[in-house]
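*Asks:* sequence-free structure coming up:
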């Protein structure tokens with residue numbers, strides 16, 4: 001499971017899918033978010049509390065850890081095909097760092113990945129307005145209830161989305177983004193296949209039950225007995 005580990009940021013195995021058209025799927029998977037603490041910042045108690053609440057509420061969390069660069073964060077978010085990035089910043093420099101993350105998402109063609117964050121008093125309302133203007137979806141301030149954060153994530157990033165897998169032949173480069181989309185599609189198809197197998201098993205069990213019931217009914221019916229001929 002992707003959620004059972006921190007992203008390794010290692011290059012993934014290359015493959016050559018034969019897809020030559022656009023593939024679509026409506027995601028039925030849990031909301032997947034990536035959380036992290038920016039570079040030169042070791043404050044992780046707040047983000048760990050938020051991570052645990054997200055997980056408790058059914059949100060899948062990829063936690064990258066603290067002291068992470070903008071490049072690390074964006075690359076991992078693309079590799080994990082997350083719905084959003086959530087950053088916790090306490091050391092200052094948040095306007096520039098968040099802007100760098102936004103620029104990298106745009107340059108990698110991953111602007112569909114949402115972006116939210118917060119900081120315990122270091123991010124001012126004026127800063128938040130600038131960050132929102134730069135493309136950040138939401139900044140949470142100190143004292144925001146965890147319930148409000150969960151509701152925001154579910155409302156903003158919880159709608160089923162059509163994931164478009166870029167078309168390409170054997171010679172097409174298998175980028176992190178393309179491979180991540182293929183992996184998500186595979187996860188969705190496995191879920192569908194498992195559901196179909198379970199439904200088929202249920203139908204077999206129901207058919208077996210009907211056969212047993214029919215056999216029992218026929219066994220219980222009276223057997224005709226030949227009458228003695230009158231003499």
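*Replies:* The structure has been received and is ready for your questions. Here the structure is a predicted model, which is why all the values come from computation and not from measurement.

*Asks:* what's the average pLDDT for the helix or strand that contains residue 34?
*Replies:* Using DSSP states H and E, residue 34 maps to strand 32-36. For strand 32-36, mean pLDDT is 97.

*Asks:* try stretch 159-169
*Replies:* Model confidence over stretch 159-169 averages 62 on the pLDDT scale.

*Asks:* what's the neighbour count on the spatially closest residue to residue 41 that is not a sequence neighbour?
*Replies:* Leaving aside its chain neighbours, residue 41 sits nearest to residue 91 (4.2 Å; criterion: C-beta to C-beta, 6 or more residues apart in numbering). (Each C-beta comes from the backbone N, C-alpha and C, glycine too.) Residues lying near residue 91 (other C-beta atoms under 10 Å) number 16.

*Asks:* same deal with the one 5 residues further on?
*Replies:* The tally of other residues near residue 96 (other C-beta under 10 Å) stands at 10.

*Asks:* sticking with it, tell me its helix or strand.
*Replies:* Assigned by DSSP H and E, residue 96 falls in helix 94-107.

*Asks:* buried residues, that helix. List them.
*Replies:* Of the residues in helix 94-107, 94, 95, 97, 98, 99, 100, 101, 102, 104, 105 count as buried by neighbour count, 16 or more other C-beta atoms under 10 Å.

*Asks:* do stretch 33-47 as well
*Replies:* For stretch 33-47, using 16+ other C-beta under 10 Å, the buried residues are 33, 34, 35, 36, 37, 38, 39, 41, 43, 44, 46, 47.

*Asks:* quick one, what contacts the third one?
*Replies:* The one in question is residue 35. Listed by C-beta atoms under 8 Å, 6 or more residues apart in numbering, the contact partners of residue 35 are 47, 50, 51, 54, 61, 62, 63, 64, 85, 86, 87, 88.

*Asks:* circling back to that earlier point, surely the residue nearest to residue 41 is within a helix?
*Replies:* No - assessed with DSSP: H, G, I helix; E, B strand; the rest coil, residue 91 is coil; it does not lie in a helix.

*Asks:* and it, how far is that from residue 148?
*Replies:* 24 Å (C-beta to C-beta, to the nearest Å).

*Asks:* among the contacts of residue 35, name the ones in helices.
*Replies:* Of the positions in the contacts of residue 35, 47, 50, 51, 54 sit in helices, assigned by DSSP state H.

*Asks:* so what's residue 187 closest to, chain neighbours aside?
*Replies:* Here the residue nearest residue 187, using C-beta to C-beta, 6+ apart, is residue 29, at 6.1 Å.

*Asks:* thought the one you found was touching residue 185?
*Replies:* No - under the criterion of C-beta atoms under 8 Å, residue 29 makes no contact with residue 185, lying 10.2 Å away.

*Asks:* and the residue nearest to residue 187, how many neighbours does it have?
*Replies:* 16.

*Asks:* who's in contact with it?
*Replies:* Here residue 29 is in contact with 60, 184, 187, 188, 191 (C-beta under 8 Å, 6+ apart).

*Asks:* tell me the secondary structure for it?
*Replies:* Per three-state DSSP, residue 29 ends up coil.

*Asks:* distance of it relative to residue 147?
*Replies:* According to C-beta to C-beta, residue 29 and residue 147 sit 23 Å apart.

*Asks:* what's the answer for residue 175, then?
*Replies:* Taking C-beta to C-beta, one finds residue 175 at 38 Å from residue 147.

*Asks:* who's more crowded, these two?
*Replies:* residue 175 (14 against 10).

*Asks:* in the protein, mark out all the strands, start to finish.
*Replies:* 32-36, 60-63, 84-88, 114-119, 138-141 (DSSP state E).
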